[in-house]
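Enquirer: What follows is a predicted protein model with its sequence.
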Amino acid sequence: MFEMIKEVAAFLQSKGITSPDTGIVLGTGLGKLVSEIDIEVAIDYADIPNFPVSTVESHKGHLIYGNLEGHKVLAMQGRFHIYEGYSLQQVTMPIRAMKLLGVKWLLLSNAAGAINKTYQKGDLMLLDDHINLLPENPLTGKNIDELGPRFPDMSCPYSPELNHKMQLAAEKFNITLHKGVYAVVAGPNLETRAEYRYLGMIGADVVGMSTAPEVIVANHMGLPCAAVSVVTDLCDPDNLVPAVLADILETAGKAEIKLIRLFKEVIRGL
Ligand code: HPA
């Protein structure tokens, strides 16, 4: 596995991705930040050896390298999910390659359903913590000692420094930014009413199908990260309406402007 990750990093370096300092992962319907980047290199995932290929239509599969707010950023426009059939080692491989390329900070975004009844569609939530309900773990198997320890600590998975910067940015732009707990499920089906009720009982504020595996490998490598959920649907078990992908994408698209503001401001201050 480590050889594969090194090969990916070496390939990307050969394409001119030489000194990224900030990694960005853009979730479902949240790819437009890319249009703010002064792009130097753009590569289709399909053209990167050893890279999984995104199979979700709403996720564009591009790796984008360029300048944003005075930083060299490496952005994933579209990510990989366990529901596509990938192992979590594959899902998280790009994050590990980012670290080998020199990335010092990681910002992630995702679309999520709100369990917390005070949240509204289009709201943003800063991840304070997560609950991993996936059937696998990206660190299963022989530990890659070159990347991190066998038993990585998870007492503080989201960087307090980055989270503070996110909150300051939200205040500056008058953006509502909740802070809460993200539960990750495998999907691809959305949850039943009983499952939403259960997620609320165990302490989740939102639920989605990504992010936590990437955050686990980032913590393994000592890479500080922050993540923001965009609330795309409301998961009140007593008033549940069927979730429609088109609506989820539309909501994500509208809220994206706020996410772009936050990410740009945080990157500017790094
Ligand atoms: N559940 C799981 N994942 C999601 C949801 C949801 O309600 N909304 C967006 N991603």
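Expert: It's in. Numbers count the residues shown, from 1 in each chain.
Enquirer: Check what pLDDT the residue nearest to Arg193 when sequence neighbours are not counted gets.
Expert: Setting aside the residues directly before and after it, Arg193 is nearest to Pro237 in space (Cβ to Cβ, 6 or more residues apart in numbering), at 3.9 Å. The way it works is simple: take the backbone N, C-alpha and C, and place the C-beta from them, glycine included. Looking at Pro237, its pLDDT reads 93.
Enquirer: who's in contact with Pro237?
Expert: Arg193, Ala194, Tyr196, Arg197, Gly200 (Cβ atoms under 8 Å, 6 or more residues apart in numbering).
Enquirer: residues touching the residue of the stretch 51-200 of the chain found nearest the ligand, list them.
Expert: Nearest residue of the stretch 51-200 of the chain to the ligand: Gly113, at 2.2 Å (Cβ to the nearest ligand atom). Applying Cβ under 8 Å, 6+ apart to Gly113 gives the contacts Leu190, Glu191, Tyr196, Val206, Val207, Gly208, Val231, Thr232, Asp233, Leu234, Cys235, Ala243.
Enquirer: how far away is the residue lying closest to Lys15 once chain neighbours are set aside from the ligand?
Expert: Of all residues not flanking Lys15 in the chain, Val41 sits nearest, at 5.6 Å (Cβ to Cβ, 6+ apart). Distance of Val41 to the ligand, given as Cβ to the nearest ligand atom, to the nearest Å: 30 Å.
Enquirer: Does Val41 touch Tyr65 like I think?
Expert: Yes: Val41 is within contact range of Tyr65, at 4.2 Å (criterion: Cβ atoms under 8 Å).
Enquirer: Need the overlap of contacts for those two.
Expert: Contacts common to Val41 and Tyr65, judged by Cβ under 8 Å, 6+ apart, are Gly16, Ile17.
Enquirer: who's more crowded, the two?
Expert: Tyr65 (22 against 14; other Cβ atoms under 10 Å).
Enquirer: Quick check: beta-bridge partners of that one?
Expert: Val41, Leu74 (DSSP bridges).
Enquirer: quick one: contacts for it?
Expert: By Cβ under 8 Å, 6+ apart, Tyr65 lies in contact with Leu12, Gly16, Ile17, Pro20, Ile39, Glu40, Val41, Ala42, Lys72, Val73, Leu74, Ala75.
Enquirer: for Leu107, what are its contacts?
Expert: Thr22, Gly23, Ile24, Val25, Leu162, Cys225, Ala226, Ala227, Val228, Phe263, Val266, Ile267.
Enquirer: nearest spatial neighbour of it, skipping sequence neighbours?
Expert: Excluding the flanking residues, the one nearest Leu107 by Cβ to Cβ, 6+ apart is Ile24, at 5.1 Å.
Enquirer: Now name the helix or strand holding the one you found.
Expert: strand 22-26 (DSSP states H and E).
Enquirer: so how far is that strand off the chain centroid?
Expert: 8 Å (Cα atoms, centre = their mean, to the nearest Å).
Enquirer: So His178, which state does it fall into?
Expert: In three-state terms, and counting by DSSP: H, G, I helix; E, B strand; the rest coil, His178 is strand.
Enquirer: Could you do Asn67 as well?
Expert: strand.
Enquirer: pLDDT at the residue nearest to it when sequence neighbours are not counted, what is it?
Expert: Among residues not flanking Asn67 along the chain, Asp38 sits closest, at 4.2 Å (Cβ to Cβ, 6+ apart). Per-residue confidence at Asp38 stands at 95 (pLDDT).
Enquirer: Asp38 contacts Gly66, doesn't it?
Expert: Yes: the pair Asp38 / Gly66 is scored as a contact, 4.9 Å apart, by Cβ under 8 Å.
Enquirer: More neighbours: these two, which one.
Expert: Neighbour tally, Asp38 and Gly66, criterion other Cβ under 10 Å: the higher count belongs to Gly66, 19 against 9.
Enquirer: Which residues are in contact with the more buried one?
Expert: So, once contact is read as Cβ under 8 Å, 6+ apart, Gly66 ends up touching Ile37, Asp38, Ile39, Glu40, Val41, Lys72, Val73.
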